[in-house]
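Asker: What follows is a predicted protein model with its sequence.
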Amino acid sequence: MEIINLLMGGFAVAFEPLNLGLVIFGCTVGLFIGAMPGLGSVNGVAILLPMTFLVPPTSAVIFLAAIYYGAMYGGAISSIMLGIPGASTAVATTFDGRPMALKGQADKALIAAAVASFVGGSISVVLFTAFAPPLAEVALAFGPPEEFALMMLAFATFIGLGGDDIPKTFFSIFIGLALSAVGLDIVSGEPRLIFFDIPGFFHGINFLVLAIGVYGIGEMLWTVEVSKGNVQMSKATVTIARTFDALRDVLKTWKTMFMGSFLGFFVGILPAAGATPGSLMAYGIAKSTAKDPDSFGKGNVAGVVAPEAANNAASTGSMLPMLTLGIPGSPTTAILLGGMVIWGLEPGPLLFVEHEAFVWGLIASLYAANFFALLINIAFIPAFIMVLKMPFTILAPIIFCLCVVGGYVPTQDMHDVWLMLGFGIVGYLMRKLDYPLAPAVLAIVLGPIAEPAMRQSLIGSHGDISIFFARPISGTIMIAAIVLLLLPAFKIVKDRMKIN
Amino acid sequence: MRKAELIMALCLAVFSAYLMLKSAELPIGWIPEEGPGGGAFPFWLAAGMFACCMSVIYRWFKRTSPPSQSTEPYMDKDTQRMFITIAGSLTVMIGAIHFIGVYFSLPLFLMFYLRFLGGHTWPLVLGVAVATPIATFFFFEIALLKTLPKGYTEPLFYPLYDMFL
């Protein structure tokens, strides 16, 4: 009852005209920033952070949280329309979102992404409201071995459920992880894998460089080859009747949506895990539990719903350790945390006591942000569809230009643009030979989390690898990962037994 | 396709071996009190990559993977021409950014692609070639304050900065 009263007080803060206006504006700006390849929620929040000094602290955080939400919705747009994930959290959305767009179902995919994001966001805000303090304690139980085990589970999902060539999938994961090690060694600070002493490698390889190269340049080259350069990208149309049909189909996947939402929220609250492994695991589970797993990767709407529900739920979940413990769950929440400290709002358990109006105002504004992000997203779908109806010979060079600019923006270094071109060309040549490239993109995102977690664990155990199995949470996750890794072997044995 | 599968696996195996050597510039074993050396993580990953390449080559000899059984060409003549033209024009565009900046190299690339590969009319070509850099400028430089490279054309933008920032 006390929570409901506090939440009502929060709504009174969230629905103040200034705060409500900021929620709507933040969601709209976030949507466009998230939809742009090369820019994600972290860019949006970072760029607009100084602008928030014009408003009171509570309104400022509400505005930034709305941008964060809008960008999480927007990430799916470029994944579906262009096949280029705008952020790592939207990589899994490309697997089925892009094939749906190519089949002329871009409107359905966009509606599925918006509705799933709304459901994921709403469920996670409810969980956040009800269980914030006890869940923060659970998050604290996650140490480096558990984090490493979680990363292993994410990679095992690709092997066990990917359906691609196994050695080539392993290769893709290994190369992504190896590329994530380029730069400076995290322990000794020494330069590592600085190829030909080129200075650009000192800052490491940003995941977006690989993602835009592979999904932007590589995908475009692939489409040019398949289409011979003169077909339309998509035959998608959008009408009210189609929208209702799509909504009906999307709502049939409610079980997947709920699964993605709960999973995403719980992965999101873990410090440093964030939405990317959550969305990937949700995709994996949706595929493995589906009646028709073979249709995944070819345009199954559940393949869009699962990761989108999960990544939005995780974005709310990642605010939980930030507010209750002062530990950010993602790069974006790290910036939000910085903003809160600047405004004199010290995150931690006392925040809920000392700044009650702020905390509950923020939580209530998350409900509002979720609702407005859904409305704004659906309102813009016809405009997004218009883009897809452009002739390919106009759209392709514009996308190439967008890739070049998107490759430059994260690090502002031309070295990365060249690298992106290289990845795009090599990625295209590898794709022609059935090398799956999504695992490499996810590995380069998760590598900087996996390596420190592994090294810290091994240092703590003096090199004893049993630490990953001895602790109950990490042991359970590792066993699940091993089972997933062995899944293809089980399938082979089963098939052989059938033949015999 | 079959030949390409082998060549790709060999190239990737060579790259993996190079990565192993490069990783070994830092310690790859256990350092007392410090844990795994800085090169250990990439070294063992590169070793894994190498093993995967060997597996691909083994299956190539055994003809068990789909590309190793395929008799189709890896790239037909049309695809080759298209690939070289697009990859080449992208390379030229990115190279030109160092000298004439994004706002002049993008329109040149767009004009080339739209006119000579797309076969569109000049009014449309010019419309897209002019509108794209303008939209890019206002979105990235003015709205998001993200500066894009301009090469020797930088001074041309000072009046615009004075006007909008």
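Answerer: On my side now, so go ahead.
Asker: from here on, contacts and neighbour counts on C-alpha atoms
Answerer: Fine.
Asker: For residue A:336, give me its contacts.
Answerer: Taking C-alpha atoms under 8 Å, 6 or more residues apart in numbering or on different chains, we find residue A:336 in contact with A:45, A:61, A:64-65.
Asker: So which of the residues you listed is the closest to chain B?
Answerer: Of all the contacts of residue A:336, residue A:45 has the smallest distance to chain B: 10.9 Å, by C-alpha to the nearest C-alpha.
Asker: That closest one: what's its closest spatial neighbour, skipping adjacent residues?
Answerer: The shortest distance from residue A:45 to any residue other than its chain neighbours is 5.8 Å, reached at residue A:64 (C-alpha to C-alpha, 6 or more residues apart in numbering or on different chains).
Asker: any idea how far residue A:41 is from that neighbour?
Answerer: 9 Å (C-alpha to C-alpha, to the nearest Å).
Asker: Which helix or which strand is home to the nearest residue to residue A:352 once chain neighbours are set aside?
Answerer: Closest residue to residue A:352 apart from its sequence neighbours, by C-alpha to C-alpha, 6+ apart: residue A:359 at 6.3 Å. Using DSSP states H and E, residue A:359 falls within helix A:356-388.
Asker: Check which residues of that helix are buried.
Answerer: A:357-378, A:381-382, A:384-385, A:388 (16 or more other C-alpha atoms under 10 Å in any protein chain shown).
Asker: Tell me where the model's unsure across chain B.
Answerer: Judged against pLDDT under 70, chain B has no low-scoring part.
Asker: now swap in the stretch 151-300 of chain A and tell me
Answerer: A:161-163, A:227-238, A:271-274.
Asker: ok, now with 90
Answerer: Scanning the stretch 151-300 of chain A for pLDDT under 90 picks out the ranges A:151-167, A:169, A:185-189, A:206-254, A:263-300.
Asker: Now do the helices in it.
Answerer: Taking DSSP state H, counting those that start in this stretch, the helices of the stretch 151-300 of chain A run over residues A:166-180, A:207-211, A:219-227, A:240-251, A:254-268, A:275-289.
Asker: give me the number of residues near the closest residue to residue A:480 other than its chain neighbours?
Answerer: In space, and not counting its chain neighbours, residue A:480 is closest to residue A:153: 7.0 Å by C-alpha to C-alpha, 6+ apart. Burial measure for residue A:153: 25 neighbouring residues, criterion other C-alpha atoms under 10 Å in any protein chain shown.
Asker: Isn't residue A:153 up against residue A:476?
Answerer: No - using C-alpha atoms under 8 Å, residue A:153 is not in contact with residue A:476; the gap is 10.4 Å.
Asker: how's chain B carved up into domains?
Answerer: B:2-69, B:77-164 (automatic domain parsing).
Asker: So which of those is the most surrounded?
Answerer: Most buried of these by mean neighbour count (mean count of other C-alpha atoms under 10 Å in any protein chain shown) is domain B:2-69; its value is a mean of 19.
Asker: can you tell if that one touches chain A?
Answerer: Yes - contact of domain B:2-69 with chain A (C-alpha under 8 Å from any C-alpha of the partner chain) involves B:4-5, B:8, B:19, B:22-23, B:25-26, B:30, B:33-36, B:38-39, B:41-42, B:45-46, B:48-49, B:52-53, B:55-56, B:67.
Asker: Please enumerate the helices of chain B.
Answerer: In chain B, helices defined by DSSP state H lie at B:2-23, B:40-62, B:66-69, B:77-100, B:102-112, B:122-136, B:158-164, listed in chain order.
Asker: As JSON lines, those helices with distance to residue A:190 would be great.
Answerer: Output for these, formatted as JSON lines (distance: least, C-alpha to C-alpha, whole Å):
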{"stretch": "helix B:2-23", "distance to residue A:190": "12"}
{"stretch": "helix B:40-62", "distance to residue A:190": "13"}
{"stretch": "helix B:66-69", "distance to residue A:190": "41"}
{"stretch": "helix B:77-100", "distance to residue A:190": "30"}
{"stretch": "helix B:102-112", "distance to residue A:190": "34"}
{"stretch": "helix B:122-136", "distance to residue A:190": "38"}
{"stretch": "helix B:158-164", "distance to residue A:190": "40"}
